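Student: With the sequence up front, the predicted model follows.
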Amino acid sequence: MNRRTTIALLLMLVSGTFAQAVPPFYDSWDTFDASDGLPSNKVLSVFATSNAVWVGTDKGLARWNGKRWKAYTTKDGPAHSMVLAIAQDSDTSDMWFATLGGLSRFSGGRFDSFTQLDSGLPNDVVYGVAVVDGDVWAATAAGTGRYEIRSKRWTLYDETNTPMHEIWCYSAAGCGDKVYLAVWGGGLLEFDRPRNRWKDYRDPDGETEIDLFRNDGLVHDVVAGVACDESGVIWIGTYFGLSTYDGRKWLNFMDHDPPVGGLVSNFINYVTTYDGMGWIATDNGLNATDRKSWWTYQRDPATDGGLVLYAPADGPVQRLRTETIFPHDYILGVSFQGDEIWLATEQGVARGRRTAARVAGTSLGNERKMISVEKPIGNEEPKGHR
Amino acid sequence: MNVGKVTYRAHQRINVILCLALTTLCGQTTFSQQPAGACGPKFLIAEGYSGMALVLCEERNAILRLDIQGGTVLSQALTAESPFAACLHPDGQRIYVSCRRGQQILELDVESLATLRSFELRGDPTGLTVSADGKRLYAGVHSLDQIAVWDIESGREIKRLASGNGPESVYLEPKQGRVYVTNLLSNPVAPDEPPRNEITVIDDQSARVIERIILEGANVGRGIAFAKDGSQGIAAISRPKNLVPMVQVARGWVVTNGFVVLSPDLDALPVQLLVDLPNRGYSDPHDVAMTPDGRKFYLSCAGADTVIAVDMEELGKTVNEALAGRLPGFADHLGLSRRYVTVRIKVGANPQALAIDRAGQRLLVANRLDDTITVIDTVSDEVIKTIALSENVVQDRVTRGKRLFHSAARTFQGQFSCASCHPDDGFDGLQYDLEPDGLGKNVRDNRNLRDVAGTAPFKWTGTNPDITTQCGTRTAKWIVRTGWIGSSQVVDLAAYIRSLKPVVNPYRSIDGQLTPAQLRGKMLFERTTLNDGTPLSDEQRCNSCHAGPKFFDGRQFDVGTKAARDTKTEFDTAHLVNIFESPPYLHDGRSATLEEMWTVHNPSDEHGVSSDWTKRQLNDLVEYLKSL
């Protein structure tokens, strides 16, 4: 081995050590609500861009510029006050909003809205929106509309031209050459863009609420959210558990498996990916997982602080506490801006920060302020606190 | 030629060598005298200190190099059809030319004018500019209300940005690092609201829209220029008063003409001001050129055959007063222009493009309709010379009519020309209360004139049997309210209007083949039964009334759209060629989109039977209609 090779190997070793993902431990939280300028406390969606955070509530939109909130109502903003999902066109930076009254675009300060009456949008009840390579996918209560920005053409996808036996579309996500649709009651639909072909993924157990065979396919057909990670794994949130699919194998998770430290609830409102992890917003708290180790965030009603479980892939579950936490365990959206996490909750939008890089008494390192680590908890620990 | 993955530099070398060797094959010609045939100078670039200028000829489909001193055309190269605008690359070696009907952007070698590459751009390409770092090209896509952004090195379009309504001029302001895009028409507004014209602002570094400057009450945004220090920008606009009855023409209330002052450094609101006088309009403001010292700018008023000089210092005082609230109603004030307009210079016919040489000594004015370039001394503001660009220009009826169409000489106090409300021979997207029959009665949507030949009768109620009637006594009585033009000139004007071509439809494939959705829409358009099999009567079928090559039948029908203040119930069957480009729809512009005609304004199935359509069928029909 010559000197150059030795140095290269050392560099690889060192870089490999430091390239490990920062643990998703957000220990400092604050909350913004109507008293801070949001149109409402009931936050339905959140999307962080490089320089702003957009929040959709039941009474309009708000934009955080890092200092203050600016609210938009239907008078000067979106098509409807209930803003259910938000997406950004990475090419143009235009924002797209799914509302109960149509699809809206915010571009350079101007709102444009598309409704079923004045455009090709399939239906005004828009649950989800995604922008994939210049196409806007609007998941609606009557199929999904694809709006090609360049040509201004609409294409409608429903039961007549896809395997969509239910037309109640909840969410859309791009993943390489494919677009995935979360269909509430209809499973997951995959659209191969180059081949212009559809494929559906359904629960092999039909509409039963049990999963007879582990990892045999989609965990349930009531799909509420879909996301794609950097490695191409599809994350599917249903009302009966979490499915992941890497193109060959399914890996499913439910709240009883493992019973402690894993999925905090089968009722998944939203799923997204960030920094190599899947983030799952449920009706009972928040999970983050790389499909091996798990993090669980919940409110501790006794202290109003946070209870965080860390379940490594090959060790006992550890319990951490934070002095602050999000305002409600019913979480409808998750987004990230650098080291900050933003959550849409029933009682405002929460911002989490990483002030503690390491955690005492764990494999994560040394203790910092506001963190205490209790003894590892056993499998008998009751799950959650609904 | 599309070069695919070959780098532009390699291609540039090959093409220049080839074109220098085979000049005529590349369309470039040198001249001992001015070339024959109409030029129609549409755009100008003054070439630094060289005393040369590049001129785009929209009639001749050519770019030519003009020696200003000698007054001769040195060389000429063919372009694609109807070249519209041009910009130099920062390297000084290349020039880009947008060709509206040619649906292309051409990359030319500045020296030889040889075409190096061409980029297809469907949708009526207009203004263009190159980013400060020379890496990106921005081009307006008029028909689709977008700005296309290319990576110049690869020749690949990288994104489309949403513009205002009909992007027109695209201008890089390097100090701020921003690209300003003016838009011809107002953003969509309700028929009873004043227009809201937009200037779209793009951050050059990120190539993203960062601001939309809304100009309340303005329409027809044209040229734009900034002072060299970037502190102030001027854009040409008009201010139509379409919400008051046309009888107010005597009070200067129909179309007023002016510019907007942008002060990005001060973060101040845009200030709109007029160049009209109380008894004299200066119609169709078109282009702006600022002197390098920033002391004055020039504004071409195409309908008035005039170039106006504005003193920036005096203008600044007026702007400050306006911003301080000491000039109420300044945007419509016909008396203010005396403060800042220093001279009104008569030039040739229909002056549009302006350019100032780098030394700031010479202003060049492209007189589009008499094929001349006026050269003005910027110190004395006197005309030095007029250069003819063509020999033996044909003066036929169409040419004469074109001049009439674009001239405000025959309208009351020169307030407007035909082109004021029909910019680019089309429409202005507004509604007008034309007749003195009571306030707000019989409001009518302004119709598109392009491809109007063969669609008689005219007027929304179909009372004018031909274009000559429409443009003759009726125009004199209801619109211009003056002596108007003689009968021979009316014939000329009608000949010009009949000659107007439709824009190239971006929804129609080049080979004419319909997409599957358009085909399904066509079947619905021509259907003879309802979805449940019930036969439709002739009157209930789309293609009964919208028949023939232009999809109309020349008759009037009650389609259930009579408004409370309409006195008629039956309206002219609109022809449908290029219907995609002219929202809003219906006789009073109540329908913002094609979809709304049936989803909102056809509750009783009187405008075709639409109540049994599925959403998919409606979408298909709209796709078909947009392709017509």
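Tutor: Sure, I can see it.

Student: The one residue in the stretch 501-628 of chain B that gets nearest to chain A: how many residues sit nearby?
Tutor: Nearest residue of the stretch 501-628 of chain B to chain A (CB to the nearest CB) works out as B:Thr599 at 4.1 Å. In short, each C-beta sits where N, CA and C put it, glycine included. Number of residues near B:Thr599 (other CB atoms under 10 Å in any protein chain shown) recorded here: 20.

Student: Quickly list what B:Thr256 is bridged to.
Tutor: Residues in a beta bridge with B:Thr256, per DSSP bridges, are B:Arg239.

Student: Can you tell me how far it is from chain A?
Tutor: 26 Å (CB to the nearest CB, to the nearest Å).

Student: name the element the closest residue to chain A within the stretch 201-350 of chain B belongs to?
Tutor: The minimum distance from the stretch 201-350 of chain B to chain A, using CB to the nearest CB, falls at B:Val209 (3.5 Å). Assessed by DSSP states H and E, B:Val209 sits inside strand B:208-216.

Student: coming back round to it: now the residue of the stretch 501-628 of chain B closest to chain A. Nearest residue, chain neighbours left out?
Tutor: Nearest residue to B:Thr599, sequence neighbours excluded (CB to CB, 6 or more residues apart in numbering or on different chains): A:Leu117, at 4.1 Å.

Student: So for the closest residue to the residue of the stretch 201-350 of chain B closest to chain A other than its chain neighbours, what pLDDT did the model give?
Tutor: Closest residue in space to B:Val209, ignoring its immediate chain neighbours: A:Gly108 at 3.5 Å, by CB to CB, 6+ apart. The score at A:Gly108 is 95. That number is its pLDDT.

Student: ok, now which ones touch A:Gly108?
Tutor: Applying CB atoms under 8 Å, 6 or more residues apart in numbering or on different chains to A:Gly108 gives the contacts B:162, B:200-201, B:208-212.

Student: Kindly indicate which of these lies nearest B:Ser407.
Tutor: B:Thr200 (30.7 Å; CB to CB).

Student: And for that closest one, the neighbour number?
Tutor: When neighbours are counted by other CB under 10 Å, B:Thr200 comes out with 27.

Student: List the strands paired with the host helix or strand of B:Ala309, with their directions.
Tutor: For B:Ala309, the host element (DSSP H and E) is strand B:306-311. Here strand B:306-311 has these sheet partners by DSSP bridges: strand B:296-301 (antiparallel), strand B:341-346 (antiparallel).

Student: Quick check: buried residues in the last one?
Tutor: Burial within strand B:341-346, assessed by neighbour count using 16 or more other CB atoms under 10 Å in any protein chain shown, is assigned to B:341, B:343-345.

Student: Of the strands paired with strand B:306-311, which is nearest B:Arg280?
Tutor: Nearest of the strands paired with strand B:306-311 (CB to CB): strand B:341-346, 8.9 Å.

Student: I'd assumed A:Asp275 was in contact with A:Asp290.
Tutor: No: look at A:Asp290 against A:Asp275 with CB atoms under 8 Å: they stay out of range, at 9.6 Å.

Student: The two: who's more crowded?
Tutor: A:Asp290 (16 against 13).

Student: give me every residue that touches the residue nearest the centre of chain B.
Tutor: By CA atoms, centre = their mean, chain B has its centre lying nearest to B:Asp424, at 4.6 Å. Applying CB under 8 Å, 6+ apart, we find B:Asp424 in contact with B:Leu184.

Student: Please settle this for me: is it part of a helix?
Tutor: Yes: with DSSP: H, G, I helix; E, B strand; the rest coil as the criterion, B:Asp424 is assigned to a helix.

Student: Give the burial count for A:Thr272, as a bare number.
Tutor: 22.

Student: contacting residues for it?
Tutor: A:225, A:227, A:235, A:278-279, A:334-335.

Student: Show the pLDDT at it.
Tutor: At A:Thr272, pLDDT is 97.

Student: is it possible to export the contacts of A:Thr272 to a markdown table including secondary structure?
Tutor: Formatted as a markdown table, the contacts of A:Thr272 follow (three-state DSSP):
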| residue | secondary structure |
| --- | --- |
| A:Gly225 | strand |
| A:Ala227 | strand |
| A:Trp235 | strand |
| A:Gly278 | strand |
| A:Trp279 | strand |
| A:Val334 | strand |
| A:Ser335 | strand |
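
Student: And those residues, which two are furthest apart?
Tutor: A:Trp235 and A:Ser335 (14.9 Å).

Student: Of the two, give the one with the bigger neighbour count.
Tutor: Neighbours were tallied for A:Trp235 and for A:Ser335 using other CB under 10 Å; the higher tally belongs to A:Trp235 (26 against 23).

Student: give the contact list for the more buried one.
Tutor: Here A:Trp235 is in contact with A:226-229, A:242-244, A:271-273, A:278, A:280 (criterion: CB under 8 Å, 6+ apart).

Student: out of the contacts of A:Gly108, who's nearest B:Val503?
Tutor: So of the contacts of A:Gly108, ranked by how close each gets to B:Val503 (CB to CB), first place is B:Ala162, at 19.6 Å.

Student: Run through the bridge partners of the residue nearest to the closest one when sequence neighbours are not counted.
Tutor: Sequence neighbours aside, A:Ser107 is the residue nearest to B:Ala162 in space, at 4.9 Å (criterion: CB to CB, 6+ apart). A:Ser107 forms beta bridges with A:Arg110, as assigned by DSSP bridges.
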